[in-house]
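>>> coords please:
(2 chains)
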2 protein chains.
Amino acid sequence: MTTKMAINAKDIFRNQHRLIRFIEQSIRLCSNQSLKTAQQQHQKSNATADFEISASVNTEYTHAPEPIKHDKDLGQQFKASQLAVRLATPQQLQPKPDNDEELGFGKLFTDHMLKIYYHRSLGGWQRPEITPLENLVMHPAAKVLHYAVELFEGMKAYRGVDGKIRIFRPDMNMARMNLAAQRSGLPTFEGKEFVKCLARLLSIDSEWVPHTEAASLYIRPTLIGIDPTLGVASSDSALLYSILSPVGSYFKTGSNGAVSLLADPRYTRAWPGGVGNRKMGSNYAPTINVQKEAAARGLQQVLWLYGEDHQLTEVGTMNIFMFYVNDQGEQELITPPLNGLILPGITRDSILSMTRQWGKFKVREGVITMSMVTELLNQGRLLELFGTGTACVVSPVNRINYMGQDLYIPTMEQEKPVHELIRETLTDIQYGKVDHPWSVVID
Amino acid sequence: MTTKMAINAKDIFRNQHRLIRFIEQSIRLCSNQSLKTAQQQHQKSNATADFEISASVNTEYTHAPEPIKHDKDLGQQFKASQLAVRLATPQQLQPKPDNDEELGFGKLFTDHMLKIYYHRSLGGWQRPEITPLENLVMHPAAKVLHYAVELFEGMKAYRGVDGKIRIFRPDMNMARMNLAAQRSGLPTFEGKEFVKCLARLLSIDSEWVPHTEAASLYIRPTLIGIDPTLGVASSDSALLYSILSPVGSYFKTGSNGAVSLLADPRYTRAWPGGVGNRKMGSNYAPTINVQKEAAARGLQQVLWLYGEDHQLTEVGTMNIFMFYVNDQGEQELITPPLNGLILPGITRDSILSMTRQWGKFKVREGVITMSMVTELLNQGRLLELFGTGTACVVSPVNRINYMGQDLYIPTMEQEKPVHELIRETLTDIQYGKVDHPWSVVID
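So this is what the prediction gives:
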């Protein structure tokens, strides 16, 4: 008896997370019960043709991410099996937010982070480590601070109606991240190993995954060049890391979540021969002042145009979709093609695959111009316009300010809006209401 | 006597830099003598019409930098008079390089750095401080690491033939830096106050300014957004800092310093509606892979083209100049106009002012296309092509690889090359061989 009681302080310390999780889970037992009820109600209320379609979505139409081609002199890869874990002390643990509904975006962070250093001089990628969330320490000449040698991904962990935690198509994020690394002169890595490390981090900080469908845990993998030299050159030292942030939903359920857009052809987000199709930090700083101008004019986001024919390319940091009646009188969903100016969104790809499989309307990747938008509006043929992305899922647009004129878009006035159907189908997969290979359960 | 001897350790510690400087200056007394002899010899050997012109350069033709318009809610400015100095301990002092001729670029740094924080929540700019060169500590969500919220300047401190240290047109750097801050949603600041702080930093690390005309002390003012939040937005917290790095000259004196260029229209550096005319970090990361491709093809720099007519815009990180015989049979110096795609180089501006005043040939800001280059080459009318910038001053080009073809440029084959005259005139000003208002002496 005495022996059993003599659990030393170290053990308690090591197992504090499990203990805290156990207590928290116990407290939530009743709310889990109410989740199950909600799930049953949901399945009942949505027993329509539309949702039967969603349940049968498969991956036939998706692009398989291409395998990574590493540089010959990259050196060793890291392995998730080598992962070292240093847990936060009780003093370092942060209080979790009281109200998951009012989280905002990217302001709070969890207790731990993942870090993997790369040093060419030490043979390549180093041992991955999970540490308490802590400040990064870097030389003031680090390349990331001068030449924007940096890239990131946006992913989310969702707590499903079954209590399990899922992430969405992580292989797609990893493939995109490696393409961005190649474009930035940063070291590439094995995405599968990184996802395994992320899964461990998520499991340690699992209680930070909100217990509501109105929120999720945003995952921010980041890769930065840290060589302390001022030459504009490839990075021989880098840090791949990830932080986690509980975030609210981008809009409230219902009709009032639509955004208004500034479409000003004087500003360009991306251009041929540039990096608009890579998730690199350099695509973002130049947009801040334009976003500020939109806000000053009472508009919520920027609609990025390109070329003399004012092609619609992206909305804020989202891909754009239009649902309209085409010249043949058919309903058609259209989004700009991946022509180098467009970020290959994972939500974008999922929507294309999904809706193509539905077969309810035509689906096409094609150029959308502002003259097309105004003409369709005049003829009452533009039905919906919406942005898509990991952060918002789907963000409907109700107004575009273009050349000093307000164009009102009837996105929110449709009886059975396609963007709502898309959002619900996707979130059903993400929150585990339907089983789907895109949704990966974290053990 | 005893009292005088009882200088406490703190005083010695505080004054170590003056002491070291005094000892080092004493040792160099004889080399100063030889510098003076060199100066006299230089004045003798260059007593030609060309150099009499250079001595009479004035600032009549230069663009006066526009005063900065600060945001209304920016808060308080910092003042150089509030500067706090924390000197390096003797253990922190770095050995200075043995051979100034083999410094390379941006690999070594001096003992101290300048830091000024901005926190909107604390009322604006904080007290400037000089500290030992040390790592920066920042939150892993800091905006600079995700969205390239960063900008910089490149300046140099030159040790003149009179032993005095000079910087070159710092008001121009400060004006450009503030324009970049406005474009990036970063706080603006009073350039004059920052230059005063820089002068103090230079004075503390003055022995790092190389004692040779083959080298100088590169100054890297940097401004980064450090808010620990993941929104793509203006920065409420920022760090303005500067590090110093002794650097060698970009090319050896003589004829073998020419560079070869890759001109591939598939890559674009800047585009209308972008930020190619601002010295923001986001302009650099996308160039690294292209530079790597140039190197793989045995070429030293990238010649950045723009548009369907393949306009020459910049060379690597430099502005570009062409000296040629125009359609009227006159010698003409031409550089692309500041149309938004071109960084408003301070060396560029100085060359325009200087050569316009010389009146020896026509000087024009105008578009240069690749078809113009090939036609002029075919007709033997292209005389010189060169890049210009703070790091290299002038960098002659002897070859362009364009659409799989090598174009040989006779820049190095001219008897009295204009680029050499420009370089010598500028360095004469920078190293104090001629008095000039562009050259500002640091006390």
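>>> in contact with the residue in the stretch 1-150 of chain A positioned nearest to chain B, which residues?
Using CB to the nearest CB, the single residue of the stretch 1-150 of chain A nearest to chain B is A:G106, 2.5 Å away. For every residue, glycine as well, the C-beta is placed using N, CA and C. Applying CB atoms under 8 Å, 6 or more residues apart in numbering or on different chains to A:G106 gives the contacts A:Y218, A:R220, A:S245, A:V247, B:A141, B:T229, B:L230, B:G231.
>>> go again with 10 Å.
The neighbourhood of A:G106, defined by CB atoms under 10 Å, 6 or more residues apart in numbering or on different chains, consists of A:154, A:218, A:220, A:243, A:245-247, A:391, B:141, B:146, B:228-232.
>>> quick check: phi and psi at it.
Backbone torsions of A:G106, given as degrees, to the nearest 10, read phi 70, psi 30.
>>> any idea of the pLDDT on it?
At A:G106 the predicted local distance difference test score is 89.
>>> for A:R28, same thing?
Each residue has a pLDDT score; the one for A:R28 is 47.
>>> so A:F152 sits against A:S282, correct?
No - between A:F152 and A:S282 there is no contact under CB atoms under 10 Å: 11.4 Å.
>>> now the helices for the stretch 301-443 of chain A?
Under the criterion DSSP state H, counting those that start in this stretch, the stretch 301-443 of chain A carries helices at the ranges A:346-358, A:370-378, A:418-430.
>>> about what we covered before: now do the shared contacts for A:F152 and A:S282.
Overlap between the contact sets of A:F152 and A:S282, as judged by CB under 10 Å, 6+ apart, is given by B:Y147.
>>> just to revisit the earlier point, CSV please, covering the helices of the stretch 301-443 of chain A and showing distance to B:F168.
Conversion of the helices of the stretch 301-443 of chain A to CSV gives the following (distance: least, CB to CB, whole Å):
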stretch, distance to B:F168
helix A:346-358, 49
helix A:370-378, 46
helix A:418-430, 57
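>>> and these as a markdown table, adding mean neighbour count and distance to B:W271?
Below are these laid out as a markdown table (neighbours: other CB atoms under 10 Å in any protein chain shown; distance: least, CB to CB, whole Å):
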| stretch | mean neighbour count | distance to B:W271 |
| --- | --- | --- |
| helix A:346-358 | 22 | 23 |
| helix A:370-378 | 16 | 19 |
| helix A:418-430 | 22 | 31 |
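>>> that older thread, just the ones of the contacts of A:G106 in strands?
Among the contacts of A:G106, the residues falling in strands (DSSP state E) are A:Y218, A:R220, A:I243, A:S245, A:P246, A:V247.
>>> quick check: mean pLDDT across the strand or helix carrying A:A199?
When elements are assigned from DSSP states H and E, A:A199 belongs to helix A:191-204. Helix A:191-204 shows a mean pLDDT of 98.
>>> and it, how far out from the chain's middle?
The chain centroid and the centroid of helix A:191-204 are separated by 16 Å under CA atoms, centre = their mean, to the nearest Å.
>>> quick one: buried residues of it?
With burial defined by 16 or more other CB atoms under 10 Å in any protein chain shown, the residues of helix A:191-204 counted as buried are A:G191, A:E193, A:F194, A:V195, A:K196, A:C197, A:L198, A:A199, A:R200, A:L201, A:L202, A:I204.
>>> show the contacting residues for the first one.
Translated: A:G191. Listed by CB under 10 Å, 6+ apart, the contact partners of A:G191 are A:65, A:67-68, A:170-178, A:221.
>>> what subset of those is buried?
Buried residues within the contacts of A:G191, counting neighbours by 16+ other CB under 10 Å: A:P65, A:I68, A:P170, A:M172, A:N173, A:M174, A:A175, A:R176, A:M177, A:N178, A:P221.
>>> pLDDT wise, what is the nearest residue to A:L382 once chain neighbours are set aside at?
Closest residue to A:L382 in three dimensions, ignoring its sequence neighbours and counting by CB to CB, 6 or more residues apart in numbering or on different chains: A:L376, at 3.9 Å. At A:L376, the model reports a pLDDT of 98.
>>> hey, C-alpha coordinates of stretch A:364-373 in CSV?
Extracted in CSV, the C-alpha atoms of stretch A:364-373 (Å, rounded to 0.1, in the frame of the first residue of the first chain):
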residue,chain,number,x,y,z
ARG,A,364,-16.1,23.7,-64.3
GLU,A,365,-12.7,25.3,-63.7
GLY,A,366,-12.6,28.4,-65.9
VAL,A,367,-11.9,32.1,-66.0
ILE,A,368,-14.5,34.5,-64.4
THR,A,369,-14.3,38.2,-65.4
MET,A,370,-15.9,41.2,-63.9
SER,A,371,-17.8,41.9,-67.1
MET,A,372,-19.2,38.3,-66.9
VAL,A,373,-20.3,39.0,-63.3
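>>> for the record, mean pLDDT for stretch A:296-316?
Averaging the model's pLDDT scores along stretch A:296-316 yields 96.
>>> and stretch A:87-100, by the same measure?
In this model, stretch A:87-100 carries a mean pLDDT of 88.
>>> smallest gap between the stretch 201-350 of chain A and chain B, at which residue?
Among residues of the stretch 201-350 of chain A, the one nearest chain B by CB to the nearest CB turns out to be A:L230. It sits 2.5 Å away.
>>> quick check: the residue nearest to that residue when sequence neighbours are not counted vs B:Y218, distance?
Nearest in space to A:L230, with sequence neighbours left out and distances taken as CB to CB, 6+ apart, is B:G106 at 2.5 Å. In this structure, B:G106 and B:Y218 are 7 Å apart, going by CB to CB, to the nearest Å.
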